[in-house]
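Novice: could you work out the structure for the sequence below:
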Amino acid sequence: DDFAAMLDESFAGGNLQESSVIKGKVVAIEKDMAVIDVGLKTEGRVALREFSGPGRDSELKVGDEVEVFLDRIENALGEAVLSRDKARREESWGKLEKAFQNNEKVNGVIFNQVKGGFTVDLDGAVAFLPRSQVDIRPIRDVAPLMNNSQPFQILKMDRRRGNIVVSRRTVLEETRAEQRQELVQNLEEGQVIDGVVKNITDYGAFVDLGGIDGLLHVTDIAWRRVNHPTEVLSIGQTVKVKIIKINHETHRISLGMKQLLDDPWQGIEAKYPLGARFTGRVTNITDYGAFVELEPGIEGLIHVSEMSWTKKNMHPGKIVSTSQEVEVQVLEVDSVKRRISLGLKQTMRNPWEVFVEGHPTGSTVEGEVKNKTEFGLFLGLEGDVDGMVHLSDLDWKLPGEQVIDNYKKGDMVKAVVLDVDVEKERISLGIKQLEGDPFAEPGDVK
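Specialist: This next block holds a predicted model:
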């Protein structure tokens, strides 16, 4: 209202000042110029192109009342110097500042590409649109967006420097948020819905539910182990999913596919009783053990300590291989934590039990020297078990520290079984016991 009153007053001719917006009337159109009477001694001329712009055509005709900016009352030729562009810019800046203060959207037209972004005509005022603010996602072809009127959000403006920065992305995000909120309100936890796989990552897949995306985590694709979503899903695939959880504040939706099927862990203790043996397939090998699939959705872990009776410090990958069929024994079932502990070595006889059956105390065995330590010799015996000859059991007369030097790795040595501790997996051997005790009194039994 104040702006209109100022223009009316200026048109009356009583208060024309340079660098102000005034009203005038088109009295003639000459080629590409409009002749405008603003109440001064002479008319002014304004290029017709100033009455058009990106997204709008000039329909100027004689008799039209227009607003122009009075640059100078009279130039060297005695004509008024007028500008429609500057008048529109002045008016636009006033409107834009008000919109900026009230956080309102403004309409504009993208009309040119510059370094780092684009220029936008805001009805006379030119703003900068950074490339990062064009869309929510990077777009390759901006041509369809140019020369079309569309809403923008002013991010910052400085009238003194003539700088305005706008964002199209902010408007899209706000619109998208409103749409998401409306869509989320129509969804319920537990609802089963069809969706289309939109994107796949290492941790899951994003499914389009009709304008809003939900995350199908890799652990919710199937009850069985899925190492990567691409094992089951592909982009563009239509899938039936169940809504597991909705966060109404963040509009995040968690989805599940396996939840549409019966939980294989129900009644797990009855299906897999302790001590029972089953055949399974090795699905994954780690430093601490191997995972074995007993049925789709049910996996158990063979801990490295339960893989072999004798190969104590060997990586699981040297004992079993992925996809190998193995027989395992159920050691423990935890239905709450959904864990099954399996044993591989338990499906084979304890080699120490086998050894003691065939080699009772007092019997003679032969083994290869595998290692020499400060406290004795280690012999590799039949059945892939080791026995130890302590220094004190090497010789009756000479000190063991001296006698041990007579042995080297690889030597085949005979010894007497002194003791077998099956529980501790220890076999004690003696070499000197191959001969009678020279210090024994006649009649002593050794």
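Novice: and the helix or strand that Lys23 is a member of, what does it pack against?
Specialist: Assigned by DSSP states H and E, Lys23 belongs to strand 20-30. Packing partners of strand 20-30 (3 or more Cβ pairs under 8 Å, 6 or more residues apart in numbering; DSSP states H and E): helix 2-11, strand 33-37, strand 65-72, helix 84-101. In short, each C-beta sits where N, CA and C put it, glycine included.
Novice: which residues touch the helix or strand just after the shortest one?
Specialist: Per DSSP H and E, the first helix or strand lying C-terminal to strand 33-37 is strand 44-47. Taking contacts as Cβ atoms under 8 Å, 6 or more residues apart in numbering, the residues outside strand 44-47 that touch it are 24, 30, 32-36, 38, 68, 79-84.
Novice: which ChimeraX command selects the buried ones in those?
Specialist: Only the buried entries of these go into this ChimeraX selection, using 16 or more other Cβ atoms under 10 Å:
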select :24,34,35,36,38,68,79,80,81,82,83,84
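Novice: report the two of the contacts of strand 44-47 separated the most.
Specialist: Taking Cβ to Cβ, the two most distant members of the contacts of strand 44-47 are Asp32 and Val38; they sit 19.7 Å apart.
Novice: tell me the most buried of the helices and strands packed on strand 20-30?
Specialist: For these, the largest average neighbour count (mean count of other Cβ atoms under 10 Å) is found in strand 33-37, namely a mean of 20.
Novice: what about that one, distance to the chain center?
Specialist: Taking Cα atoms, centre = their mean, to the nearest Å, the mean C-alpha location of strand 33-37 is offset from the chain mean by 63 Å.
Novice: in a strand, Leu183, correct?
Specialist: No: read with DSSP: H, G, I helix; E, B strand; the rest coil, Leu183 is helix and lies in no strand.
Novice: that one against Gly210, yeah?
Specialist: Yes: in this structure, Leu183 is within contact of Gly210 by Cβ atoms under 8 Å, at 7.1 Å.
Novice: who's more crowded, those two?
Specialist: The neighbour comparison of Leu183 against Gly210 (other Cβ atoms under 10 Å) goes to Leu183, with 15 against 12.
Novice: what sits against that one?
Specialist: Leu209, Gly210, Gly211, Ile212.
Novice: any chance you could map the helices in the chain?
Specialist: 2-11, 84-101, 169-185, 268-271, 351-358, 400-403 (DSSP state H).
Novice: pull the longest one out as PDB, backbone CA atoms only.
Specialist: This points to helix 84-101. Only the C-alpha atoms of helix 84-101 are listed here, as PDB (Å, rounded to 0.1, in the frame of the first residue of the first chain):
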ATOM      1  CA  ARG A  84      11.800  -1.200 -16.300                       C
ATOM      2  CA  ASP A  85      14.400  -3.800 -15.100                       C
ATOM      3  CA  LYS A  86      15.500  -1.700 -12.200                       C
ATOM      4  CA  ALA A  87      11.900  -0.900 -11.300                       C
ATOM      5  CA  ARG A  88      11.000  -4.600 -11.200                       C
ATOM      6  CA  ARG A  89      14.200  -5.300  -9.200                       C
ATOM      7  CA  GLU A  90      13.300  -2.700  -6.600                       C
ATOM      8  CA  GLU A  91       9.800  -4.000  -6.200                       C
ATOM      9  CA  SER A  92      11.100  -7.600  -6.200                       C
ATOM     10  CA  TRP A  93      13.700  -6.900  -3.500                       C
ATOM     11  CA  GLY A  94      11.000  -5.500  -1.200                       C
ATOM     12  CA  LYS A  95       8.800  -8.500  -1.700                       C
ATOM     13  CA  LEU A  96      11.700 -10.900  -1.400                       C
ATOM     14  CA  GLU A  97      13.000  -9.400   1.800                       C
ATOM     15  CA  LYS A  98       9.500  -9.800   3.300                       C
ATOM     16  CA  ALA A  99       9.300 -13.400   2.100                       C
ATOM     17  CA  PHE A 100      12.800 -14.100   3.500                       C
ATOM     18  CA  GLN A 101      11.800 -12.700   6.900                       C
END
